[in-house]
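1. just coords:
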């Protein structure tokens, strides 16, 4: 008889598949059921500060890479709440911890994703935005 244990998670977690053969397997060991240490269940039980820190990547002023005429987007955060301001529009935004995106509905729903390798934001239907850096005055 075979035991088949599957732990599947979406997003950035690893999919783990365990198949244990019963009786005298190829290794000569008896069949033991065990949970992998990095399973999705274990991840839910442990507090994870990485998502809170990751969400901080969105905070700041961002300008369009493709069009200089576009208004800058400014993301601010108060606890778990985000506010996105673009030109004269200010809309609330929700951070989705599972997919690590900010979800916004400003008449048309869209997502904003942070691209770690490029230090840019990718806006669904709006292109890439780079962070605005300003020289500090002395």
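-> Received the coordinates, thanks. Small disclaimer: the values here were computed from a predicted structure and weren't measured.

2. give me the element the residue nearest to residue 118 when sequence neighbours are not counted is part of.
-> Of all residues not flanking residue 118 in the chain, residue 128 sits nearest, at 7.6 Å (CB to CB, 6 or more residues apart in numbering). (Glycine included, C-beta is placed from N, CA and C.) Assigned by DSSP states H and E, residue 128 belongs to strand 127-131.

3. What lies in contact with that strand?
-> 60-67, 73, 115, 118-123 (CB atoms under 8 Å, 6 or more residues apart in numbering).

4. What strand or helix carries the closest residue to residue 122 other than its chain neighbours?
-> Nearest in space to residue 122, with sequence neighbours left out and distances taken as CB to CB, 6+ apart, is residue 113 at 4.6 Å. Assigned by DSSP H and E, residue 113 falls within strand 109-115.

5. buried stuff in the helix or strand just after that strand?
-> Using DSSP H and E, the helix or strand that follows strand 109-115 in sequence is strand 120-123. Of the residues in strand 120-123, 120, 121, 123 count as buried by neighbour count, 16 or more other CB atoms under 10 Å.

6. ok, back up a step: please produce a PyMOL select command covering the buried subset of the contacts of strand 127-131.
-> This is how PyMOL selects the buried members of the contacts of strand 127-131, with burial counted by 16+ other CB under 10 Å:
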select buried, resi 60+62+64+73+120+121+123
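
7. mind checking how far residue 87 is from residue 99?
-> 27 Å (CB to CB, to the nearest Å).

8. Next: residue 63.
-> Residue 63 is 24 Å from residue 99, by CB to CB.
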